[in-house]
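K.L.:
Got a predicted structure here, sequence first:
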Amino acid sequence: MKKIILSTAALAFSANLAMAQDVVRLGTEGAYPPWNFLNDAGQVDGFERELGDELCVRAQLTCEWVTNDWDSIIPNLVSGNYDAIIAGMSITDERDQVIDFTQNYTPPDPSAYLAMSEDVDLTGGVIAAQSGTIQAAYIAEQGATLVEFATPEETIAAVRNGEADAVLADKSFLTPIAEEDAELMIVGPDVPLGGGVGMGIRESDAELRDTFDAAIQSMKDDGSLNELITKWDVSSTF
């Protein structure tokens, strides 16, 4: 009960922020299902679209969605092209030196390897990853040959055309692909990385960070966040 009271008070505070800021722009990639993607109507969809819309309702904020390529998503936040990142971004110490994060809205999602053969060499082979991700950093540290691509789709294509032996990415992204394509399979052990997924906020926007923090906490408190996680199957629940 104490947590709920504190969250309610923090959300009430956000009303003042809403009046000070007419529109909060939410930046996402729109290319990483089920987290975020563009539907047939060209609109942002997925777990983070539904989550972001609900957070804005609870925070009494008017929000609009902006799509941005992953490799420039942090620089464009810092430069003011949007006000928050909600794009499956894992909380890491390196990123936290450049931007602030809210509390995580999913626990750490295990990473996994996708390949066309179970006997692929995951330690000494060629492994694909999307550039600027925690998976790319992990591969580089482990000593395998890293090949980076700008989009998630390109990493999968690299495995299919033999340019890479496997791809390392969030398991929630790779599992549906493996289920739909009989030539692709999840291989090797899961790889735990990162500190969960949170919203990225400019360091100068502490009030906005606190407002979204309170909204996330309120969804944790009433169980609605776990319901969304289960609906979209993006992670384990809290």
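P.N.:
In hand now; what should we look at? Residues are numbered from 1 along each chain as shown.
K.L.:
Return the list of strands paired to the longest strand along the chain, each annotated with direction.
P.N.:
Determined from DSSP state E, the single longest strand within the chain is strand 185-191. Sheet pairing here is set by DSSP bridges, and for strand 185-191 it gives strand 111-115 (antiparallel).
K.L.:
Any chance you could list what contacts the strand it pairs with?
P.N.:
120, 122, 127, 134-135, 138, 156, 159, 165-171, 174-175, 177-178, 184-188, 190-193 (Cβ atoms under 8 Å, 6 or more residues apart in numbering). Every C-beta, even on glycine, is put in place using the N, C-alpha and C of the backbone.
K.L.:
What confidence value was assigned to the spatially most central residue of the chain?
P.N.:
Nearest residue to the geometric centre of the chain (Cα atoms, centre = their mean): G88, 0.4 Å. Note on G88: pLDDT of 96.
K.L.:
One more: D22?
P.N.:
81.
K.L.:
now swap in G195 and tell me
P.N.:
For G195, the model assigns a pLDDT of 89.
K.L.:
The helix or strand where E154 lies packs against which elements?
P.N.:
For E154, the element it lies in under DSSP states H and E is helix 152-160. Secondary-structure packing of helix 152-160 (3 or more Cβ pairs under 8 Å, 6 or more residues apart in numbering; DSSP states H and E): strand 31-32, strand 111-115, strand 126-130, strand 145-149, strand 166-170.
K.L.:
average pLDDT for the second one?
P.N.:
Which is strand 111-115. 97.
K.L.:
Check the shortest one too.
P.N.:
Model confidence over strand 31-32, given as mean pLDDT, is 96.
K.L.:
ok, residues contacting it?
P.N.:
F37, L38, G46, W70, A87, G88, T151, P152, E153, D170, F173.
K.L.:
Mind checking what helix or strand follows that strand in sequence?
P.N.:
strand 36-38.
K.L.:
same deal with the third one?
P.N.:
In the C-terminal direction, the helix or strand that comes right after strand 126-130 (DSSP H and E) is helix 134-142.
K.L.:
picking that back up, can you mark which positions in the longest strand of the chain are buried?
P.N.:
Going by neighbour count (16 or more other Cβ atoms under 10 Å), the buried part of strand 185-191 is M185, I186, V187, V191.
K.L.:
what about the closest residue to the last one other than its chain neighbours, neighbour count?
P.N.:
The spatially closest residue to V191, leaving aside those adjacent along the chain, is S111, at 4.3 Å (Cβ to Cβ, 6 or more residues apart in numbering). Counted by other Cβ atoms under 10 Å, the residues lying close to S111 total 23.
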